[in-house]
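**Q** Build me a model from this:
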Amino acid sequence: MAQYRYRFILTRLLSSTLGALISLSHAVAELRPAQARVDFGRVSTLSFPQREVMLQAMGLGPIEILEARGSCGCLQVEVLTPRLEPGQSGCLRLSLYPLRAPAGENIWEVRVRYRQGEVHGETRMAVTAQIVREVTVQPPQIELAVSSEIEQDIVVTDHRERPLEVVRLEATSSAVSAQLVDKSNDVRFPRQFRIRLKIDGSQLQDTQESLLVIHTNDPQCPQLLVPVRLRRLAQAPILVAPSEVSLAITGNEPVSRLITLRDRKGRPSRIVRVECELRGLQCSWSQGSYPVSTVRLTVQPDALPQERVRGELRVHFVEPEECVVRIPLHIQRR
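**A** Residues are numbered from 1 along each chain as shown. From the prediction side, this is the model:
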């Protein structure tokens, strides 16, 4: 009897010790925000409000903040205190860019990743704001992959009775030029301005962050800032026509499509194999080196797994250089 009582007491002691260790491990690395929700209240699209949020380091050792970010580009988060000692308070600065947010009630999430020694943790908080639409910019930010020269339009809309005027455009990147191409002179509201960006991919070096600065005559918003993120896209050595294949099947007869592929510099090209995982698709291609190579796709309707399928055709070349050309496929039975 004493033996069983001893085992019972030992088991309870071990359970209590294990629970205490688990609680202690959680206490070692814990970062608590002073408030679980930050409310910016009513925010005009002409303002750029900021708030500072306090964080409390709870535990036995110093905490290092690894990353703090918002769930949308409308909300930028800056870590003002990257390292906190036990019991110390740190600070985050939240900057809201309402031009990038839709009108009405908005809710974002801030995620803060941290560590204490080898223990990693994460804390979250909510950020809310009621966005009042006065001036809007669409799109509010631009992200493009560029291989040559392209154009992108931006529309500024002023919903106020006394609208602003665009007086000057400035791009911080030499690869970007901007021009006011149209503005509505109608007395009705809202008033709109159309701005056209021309982007020269040949001047890009890998990825580039820049801004379009829209200067206005309005003291409430002398500048409207549009972030422009550009990524240089290397030109594929092989030109494909069509670049994307869409097939519509209306009966039970096989449907074929011919794809032509040629080297951008006019050199002979040679295909070694063509791959695709879609059932019911057969491929044949030109054998040998030619200025223009071809791939013929044939779809067998009876073998299609479903009414609508998507896939990818991969064409492997060994001449004029080793490369793989990927062609999206869309097949639909009607």
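**Q** Could you tell me the phi and psi values at Ser147?
**A** The phi/psi pair for Ser147 (degrees, to the nearest 10) reads phi -120, psi -20.
**Q** For it, which non-adjacent residue is closest in space?
**A** Leaving aside its sequence neighbours, Ser147 sits nearest to Leu233 (CB to CB, 6 or more residues apart in numbering; 4.2 Å). No exception for glycine: its C-beta is placed from N, CA and C like everyone else's.
**Q** With Gly266 instead?
**A** Pro291 (6.7 Å).
**Q** I'd assumed Arg262 was in contact with the one you found.
**A** Yes. With contact defined as CB atoms under 8 Å, Pro291 reaches Arg262; the gap is 6.3 Å.
**Q** Now for the two: what residues contact both?
**A** Ser269 (CB atoms under 8 Å, 6 or more residues apart in numbering).
**Q** Looking at those two, which one has more neighbours?
**A** Arg262 (18 against 10; other CB atoms under 10 Å).
**Q** The more buried one in helix, strand or coil?
**A** strand (DSSP: H, G, I helix; E, B strand; the rest coil).
**Q** need the contact list for it.
**A** Arg262 neighbours (CB under 8 Å, 6+ apart): Ile238, Leu239, Ser269, Pro291, Val292, Ser293.
**Q** do the same with Leu297
**A** Val245, Leu247, Ser256, Arg257, Leu258, Ile259, Leu281, Gln282, Cys283, Leu313, Leu329.
**Q** okay, these in CSV with distance to Ser202 and neighbour count next?
**A** Shown next, in CSV, are the contacts of Leu297 (distance: CB to CB, whole Å; neighbours: other CB atoms under 10 Å):
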residue, distance to Ser202, neighbour count
Val245, 30, 19
Leu247, 36, 17
Ser256, 39, 11
Arg257, 34, 14
Leu258, 33, 11
Ile259, 28, 21
Leu281, 38, 19
Gln282, 41, 13
Cys283, 35, 15
Leu313, 30, 22
Leu329, 32, 19
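**Q** Among the residues you listed, name the ones in strands.
**A** Val245, Leu247, Ser256, Arg257, Leu258, Ile259, Leu281, Gln282, Cys283, Leu313, Leu329 (DSSP state E).
**Q** Chain neighbours aside, what residue packs nearest to Pro33?
**A** Nearest one to Pro33, counting by CB to CB, 6+ apart, is Met125 at 4.7 Å.
**Q** Next up, the contacts around the one you found.
**A** Contacts for Met125 (CB under 8 Å, 6+ apart) come out as Pro33, Gln35, Ala36, Arg37, Val38, Val53, Glu109, Val110, Val112.
**Q** how much space between the closest residue in space to the third one that isn't next to it in sequence and Glu277?
**A** The spatially closest residue to Ala36, leaving aside those adjacent along the chain, is Met125, at 5.6 Å (CB to CB, 6+ apart). Counting by CB to CB, to the nearest Å, the gap between Met125 and Glu277 amounts to 44 Å.
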